[in-house]
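Visitor: I need the structure of the sequence given here:
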Amino acid sequence: MKRIHKASLTDKPYLVWAVLFIIVPLIMVLYYSFTDSSGAFTLKYIQALPNYTSTILLSIIYGVFATVICLIFGYPAAYFISKLKVNAQGMTVLLIMLPMWMNFLIRTYSLMTILGDTGIINTFLTSIGLKPLEMLNTGGAVMFGMVYNFLPFMILPVYSVITKMDHSLIEAAQDLGASRFHVFRRVTLPLSLPGVLSGITMVFVPCVSTFYITQKLGGGRIVLIGDVIETQFQSANNYNLGASLSFVLMVLMLICLGVMNYLGADNENEGGVII
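Guide: Next up is the predicted model:
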């Protein structure tokens with residue numbers, strides 16, 4: 001029995017990975033959240049969290065808007081790709097994933113050369129006699145950066161679910177006289193809901209916690225919860241307050257994942273959201 005038990009542990013290396021890189025960091029966050037610099041127990045940093053309520057709400061607002069925009073553009077793109085020929089599908093998915101092979105920081109920094117005052121867009125506008133637009137260091141630039149970086153995380157889960165869909169159900173609905181709109185609303189959309197929920201989670205979570213996008217594209221004018229946490233750890237050296245803010249962010253993400261799992265519980269066998 002002991003040999004079987006040891007073998008079962010070696011067959012599951014992800015347990016070691018989860019303990020070292022998930023459980024232990026979470027314990028450290030909790031420890032720093034409820035202690036001071038000397039290691040004594042305190043609620044001072046937890047009690048200071050209401051001071052950042054507006055920042056947390058602003059982060060949620062940006063995350064929600066970016067997620068909605070990604071859904072508006074991502075779902076039709078995924079649906080269109082699923083209707084292509086198999087070879088064309090593979091090539092299109094490759095083109096969508098290709099930018100993701102490049103470093104996230106480089107992708108974000110490259111947007112500065114596009115949206116800047118002397119960037120590609122404004123250079124073109126001035127060349128045809130129009131006034132340049134102030135795009136960089138604005139909320140719109142931050143939103144554009146979020147959508148640009150995280151849109152593939154919406155497209156790929158939805159595409160994956162649609163391609164695995166039982167098309168005999170669609171054919172049955174068409175044989176019963178349903179129009180294309182009713183087939184989509186009654187059959188395709190409900191069956192693709194697990195992919196939609198998974199995409200929403202994969203986009204919303206990084207959008208709320210991002211800080212590099214706001215720093216480079218927002219110019220410090222847009223401050224989200226990720227920026228505050230990064231400042232506490234890097235500049236202020238206040239690990240305790242940074243951990244407390246991280247704890248709040250972690251709770252928000254767990255709530256989001258829990259809601260998505262609850263909504264997709266009926267379709268979990270179709271590839272829905274999984275924590």
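Visitor: does residue 37 really touch residue 240, like I thought?
Guide: Yes - in this structure residue 37 lies within contact range of residue 240 using C-beta atoms under 8 Å: 6.7 Å. The way it works is simple: take the backbone N, C-alpha and C, and place the C-beta from them, glycine included.
Visitor: who's more crowded, the two?
Guide: residue 240 (20 against 11; other C-beta atoms under 10 Å).
Visitor: Okay, now the unreliable bits of the chain?
Guide: 1-11, 265-275 (pLDDT under 70).
Visitor: how about the longest helix seen in it: buried residues?
Guide: Ranked by number of residues, the top helix in the chain under DSSP state H is helix 53-82. Across helix 53-82, burial judged by 16 or more other C-beta atoms under 10 Å covers 55-56, 58-60, 62-63, 66-67, 69-71, 74-75, 77-79, 81-82.
Visitor: swap in stretch 188-198?
Guide: Applying 16+ other C-beta under 10 Å to stretch 188-198 flags 188, 191-198 as buried.
Visitor: now swap in stretch 217-229 and tell me
Guide: Quick answer for stretch 217-229 (16+ other C-beta under 10 Å): 217-218, 222-229.
Visitor: Kindly provide the distance from residue 75 to residue 193.
Guide: According to C-beta to C-beta, to the nearest Å, residue 75 and residue 193 sit 11 Å apart.
Visitor: TSV for the buried residues of stretch 217-229, including secondary structure and distance to residue 23?
Guide: Listed next are the buried residues of stretch 217-229 as TSV, based on DSSP: H, G, I helix; E, B strand; the rest coil; distance: C-beta to C-beta, whole Å:
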residue	secondary structure	distance to residue 23
217	helix	34
218	coil	34
222	coil	33
223	coil	31
224	coil	27
225	helix	23
226	helix	23
227	helix	27
228	helix	25
229	helix	20
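Visitor: and the two most separated of these?
Guide: Within these, 217 and 229 form the most distant pair, 18.2 Å apart (C-beta to C-beta).
Visitor: list the contacts for the residue most central in space within the chain?
Guide: Nearest to the mean C-alpha position of the chain, by C-alpha atoms, centre = their mean, lies residue 203 at 2.4 Å. For residue 203, the contact set (C-beta atoms under 8 Å, 6 or more residues apart in numbering) comprises 66-67, 70-71, 150-151, 153-154.
Visitor: tell me which of those residues is nearest to residue 253?
Guide: residue 67 (13.1 Å).
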